[in-house]
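J.: Generate a structure from the sequence data that follows.
(2 chains)
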Amino acid sequence: MALIADSPPQDATTRSDMGWAVRGARDALALPAWVVGLSLIGVGGLAQAVGHPVWAAMASTLFVWAGPAQVIFYGGLAAGMTAPALAAAICFSSVRFFPMTVALMPLLRRPGQGIWTQLAAAHFVAVTVWTEGLRRLPAKPVEARLPYYAGFAAACISLSTITTGVGYFLVGALPAPLAAAVLFVSPIYFTVSISAGARVPADWLAIGLGFVLEPMLRPLLGDAFDLLGVGLVGGTAAFAAGRLLEARR
Amino acid sequence: MTLDLSAVHGSAWPYVLLVLCGVVPTEIWRTLGAVASRGLADGSPVLTWVRHVSTALLAAVVAKLLLTPSGALALVPWWGRVGGIAAGFGAFFLFRRSFFAGVLVGEAVLIAAASLWG
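T.: I've put the predicted structure just below:
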């Protein structure tokens, strides 16, 4: 049913790789690419605030392609984090890509696929592309999935790279309330997206502890290690509580 | 011959920093994920722990952005920033887990607070 609603079956078998890539790009531009693009407007604003050039801000979207990591990068620089602490915090915040990539790659595998193709496909993994990929790919023919996914992800990354650049200049040119609104896109987007991803009570505990522990632990840990510390303490506590809840059930 | 670091600390510094502290620490996990995608069970305890730590860290990032904001966001009173997040969070559930409702309502509250009390 999903396949019929998504594309007529008669061209599902005749469509070329390029045809599937275009189809993926079109589906992305129907909505999901705009959601990511909107969230990365704020990253442009943060980069402008720390005095980095617009090309670096756009390159961060193109090559890092991870909103939270980019927010930590520019937000951390603004807060005076050192380079090693920054790398460590981003390394930890990006660990989620490991299980996400592991879950998505089997869907994209085609016979005779080289390692470089797989690494390129893995680079596209980010929250929106991943959730949409898991939802849309299983209904597609196996040989269509990789080009469809590539087109979908390329559209998301391209649009977001442009919006990052737009956000960079918007923040300076806008009246204060709207400039504040642009900088507010990242916090509100991440709040909603981690809430959307929460499934079990332990997920909610991790979110709540992250919020509450940050202002409590920052005076103790300082601006360099507070995020890592809060993540480890809050995440481990949520994990332990989750195990206890499961054991009691 | 001495090593000239002026270029590194000058105009190229934002890019060097971006590659070393942004691209490498992120891309390493996608690379490892692609390599390990055969034969690792999703839902294993280690992955669950990793997910909780990432979630708490991301929530801490939001808290930090709200409580020690930069630029124009710093001009909005703290309760306007926190209120915007709370309103967006509420709207997300009120409108049946709608992403757009959450972001739009949160932004509307923030803009109102910034316009009236900024």
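J.: buried stuff in stretch A:53-72?
T.: A:54, A:56-61, A:63-72 (16 or more other Cβ atoms under 10 Å in any protein chain shown). For the C-beta atoms, the positions are set from N, CA and C on the backbone; glycine is no exception.
J.: Keep only the residues you listed that also lie close to chain B.
T.: Filtering the buried residues of stretch A:53-72 for proximity to chain B by Cβ under 8 Å from any Cβ of the partner chain leaves A:56, A:59-60, A:63-66, A:68-72.
J.: Sort those by pLDDT and name the bottom one.
T.: For those, the model is least confident at residue A:68; its pLDDT is 82.
J.: what about residue 106, helix or strand, and which?
T.: You didn't say which chain, so I picked chain A. Per DSSP states H and E, residue A:106 falls inside helix A:97-108.
J.: that's the other chain; I wanted chain B
T.: helix B:99-117.
J.: Could you check how far that helix is from the centre of its chain?
T.: The chain centre lies 18 Å from the centre of helix B:99-117; the measure is Cα atoms, centre = their mean, to the nearest Å.
J.: Say whether chain A is contacted by that helix.
T.: Yes: using Cβ under 8 Å from any Cβ, helix B:99-117 reaches chain A at B:99-100, B:102-103, B:106-107, B:110-111, B:114-115.
J.: Would you tell me which helix is longest in chain A?
T.: Assignment by DSSP state H gives helix A:201-248 as the longest helix of chain A.
J.: Rounded mean pLDDT for that helix, please.
T.: Averaging pLDDT along helix A:201-248 gives 90.
J.: ok, residues contacting stretch A:167-178?
T.: Here stretch A:167-178 makes contact (Cβ atoms under 8 Å, 6 or more residues apart in numbering or on different chains) with A:40-45, A:47-49, A:54, A:57-58, A:179, A:182-183, B:71-72, B:75-76, B:111, B:114-115, B:118.
J.: Could you pull up phi and psi at residue A:109?
T.: Here the main-chain torsion angles of residue A:109 (degrees, to the nearest 10) amount to phi -70, psi 130.
J.: separation between it and residue A:19?
T.: 21 Å (Cβ to Cβ, to the nearest Å).
J.: one step back: the longest helix of chain A and chain B, are they touching?
T.: Yes: residues of helix A:201-248 are located near chain B by Cβ under 8 Å from any Cβ, namely A:202-203, A:206-215, A:218, A:226-228, A:230-236, A:238-239, A:242-243.
J.: Ok, stretch A:140-152 next?
T.: No: applying Cβ under 8 Å from any Cβ, one finds stretch A:140-152 out of contact with chain B, separated by at least 13.1 Å.
J.: wait, what's in contact with the residue lying closest to residue A:17 once chain neighbours are set aside?
T.: Of all residues not flanking residue A:17 in the chain, residue A:147 sits nearest, at 4.2 Å (Cβ to Cβ, 6 or more residues apart in numbering or on different chains). Going by Cβ under 8 Å, 6+ apart, residue A:147 touches A:17-18, A:20-21, A:24.
J.: following the lowest-mean-pLDDT helix or strand in chain B, which helix or strand comes up?
T.: Here the helix or strand of chain B ranked lowest by mean pLDDT, DSSP states H and E is helix B:6-9, holding a mean of 56. Per DSSP H and E, the first helix or strand lying C-terminal to helix B:6-9 is helix B:13-18.
J.: for the helix or strand just after that next one, packing partners?
T.: Proceeding N to C from helix B:13-18, the next assigned helix or strand is helix B:24-36, under DSSP H and E. Packed against helix B:24-36 by the contact rule (3 or more Cβ pairs under 8 Å, 6 or more residues apart in numbering or on different chains; DSSP states H and E) you find helix A:83-93, helix A:97-108, helix A:115-123.
J.: Taking their axis directions, helix B:24-36 and helix A:83-93 sit at what angle?
T.: Per axes from the mean of the first three to the mean of the last three Cα atoms, to 10 degrees, the angle that helix B:24-36 makes with helix A:83-93 is 30 degrees.
J.: Report the distance from stretch B:66-82 to the chain centre.
T.: The chain centroid and the centroid of stretch B:66-82 are separated by 16 Å under Cα atoms, centre = their mean.
J.: if I pick residue A:217, what's in contact with it?
T.: Contacts of residue A:217 by Cβ under 8 Å, 6+ apart are A:226, A:229-230, A:233.
J.: If we use 7 Å, what do you get?
T.: A:226, A:229-230 (Cβ atoms under 7 Å, 6 or more residues apart in numbering or on different chains).
J.: again, but for residue A:69
T.: A:90, A:93-94, B:22, B:26 are the contacts of residue A:69 under Cβ under 7 Å, 6+ apart.
J.: Quickly find the element holding it.
T.: Applying DSSP H and E, one finds residue A:69 within helix A:67-78.
J.: just how off-centre is that helix within its chain?
T.: Centroid displacement of helix A:67-78 relative to its chain, using Cα atoms, centre = their mean, is 13 Å.
J.: residues in contact with stretch A:109-127?
T.: Residues from elsewhere that reach stretch A:109-127 (Cβ under 7 Å, 6+ apart): A:65-66, A:97, A:100-101, A:104-105, A:108, A:142-143, A:146, A:149, A:153, A:193, B:27, B:30-31, B:33-34.
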